[in-house]
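Novice: need coordinates for the following:
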Amino acid sequence: MTAEQRSRRRNPPPVPLLFLDVDGPLIPFGGPSTRSPEGYPTYLPPTGRPDEGRNPLLARVDPGLGPRLAATGCELVWATTWMDDANAYVAPWLGLPELPVVLWPDETDEDVAERARTGLHWKTRPLVARAAGRPFVWVDDEITGSDRAWVAAHHPGRALLLRVDPRDGLTDADFDALAEWLDGPAE
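Specialist: Numbering: from 1, shown residues only. From the prediction side, this is the model:
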């Protein structure tokens, strides 16, 4: 065993964070889908959920996504405006435990001006700050080239900004891209 291998065994690389949005990646919306041009598929709620029938959009969430997300080996973190409601309603639907939630800071006038000037998404800075140098994946339907450029310039670790088509939600191709990134070189 080489010195580098011994060092990695003693100090394994940090587990990547997976920042997960709900609307778009998990709840498809926005018109005819390439996967479902006849309309969105719906799924039965997990039995015994107190929220059954309260949010009809939850029926679009494929419960099979939960085990696939858990199997990534990433630390899953909600990065959504659903905030704690993601743990109350979406996590149980997916069979996931309660996950950490990104708390969004109040935007300053300077933040709003920068976004207008650069096209930077309002989540980008807080997610990079939350990652604090750790490798991360951000799964969202609103990621742009501006976000990718900003992350590349301001985040010292590996990052995958995975833009999901909101009409389709997470697809096999998205999971393939995620797996390829996770199998890539560590820091």
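
Novice: residue contacts, the residue positioned nearest the centre of the chain?
Specialist: Centroid-nearest residue in the chain, with C-alpha atoms, centre = their mean: residue 20, separated by 2.1 Å. For residue 20, the contacting residues are 26, 69, 76-80, 99, 139, by C-beta atoms under 8 Å, 6 or more residues apart in numbering. For glycine as for every other residue, the C-beta is placed from the backbone atoms N, C-alpha and C.

Novice: how about these in CSV, adding neighbour count?
Specialist: Formatted as CSV, those follow (neighbours: other C-beta atoms under 10 Å):
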residue, neighbour count
26, 26
69, 22
76, 21
77, 19
78, 23
79, 26
80, 22
99, 17
139, 23
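
Novice: need the strands for this structure, in chain order.
Specialist: Assigned by DSSP state E, the strands in the chain fall at 17-20, 75-78, 136-140, 159-163.

Novice: what strands line up against the third one, and which way round?
Specialist: Within its sheet, strand 136-140 is paired with strand 17-20 (parallel), strand 159-163 (parallel), according to DSSP bridges.

Novice: looking at those, which is buried most?
Specialist: Sort the strands paired with strand 136-140 by mean neighbour count, taking mean count of other C-beta atoms under 10 Å, and strand 17-20 sits at the top with a mean of 25.

Novice: one step back: ok, which of the strands paired with strand 136-140 comes nearest residue 143?
Specialist: Residue 143 lies closest to strand 159-163 among the strands paired with strand 136-140, at 4.1 Å (C-beta to C-beta).

Novice: how far off centre is the closest one?
Specialist: Offset of strand 159-163 from its chain centre (C-alpha atoms, centre = their mean, to the nearest Å): 9 Å.

Novice: contacting residues around that strand?
Specialist: With C-beta under 8 Å, 6+ apart as the criterion, strand 159-163 contacts 131, 135-144, 147-148, 151-152, 174, 177-178, 181.

Novice: need the buried ones from the residues you listed selected in PyMOL.
Specialist: Per 16 or more other C-beta atoms under 10 Å, the buried members of the contacts of strand 159-163 correspond to this PyMOL selection:
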select buried, resi 131+135+136+137+138+139+140+141+143+147+148+151+174+177+178
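
Novice: filter the contacts of strand 159-163 down to the ones in helices?
Specialist: Cross-referencing the contacts of strand 159-163 against helices under DSSP state H gives 131, 147-148, 151-152, 174, 177-178, 181.

Novice: adding distance to residue 89 and pLDDT, write these out as TSV.
Specialist: Shown next, in TSV, are those (distance: C-beta to C-beta, whole Å; pLDDT from 0 to 100):
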residue	distance to residue 89	pLDDT
131	26	98
147	27	97
148	30	97
151	29	97
152	34	97
174	22	98
177	27	98
178	24	98
181	29	97
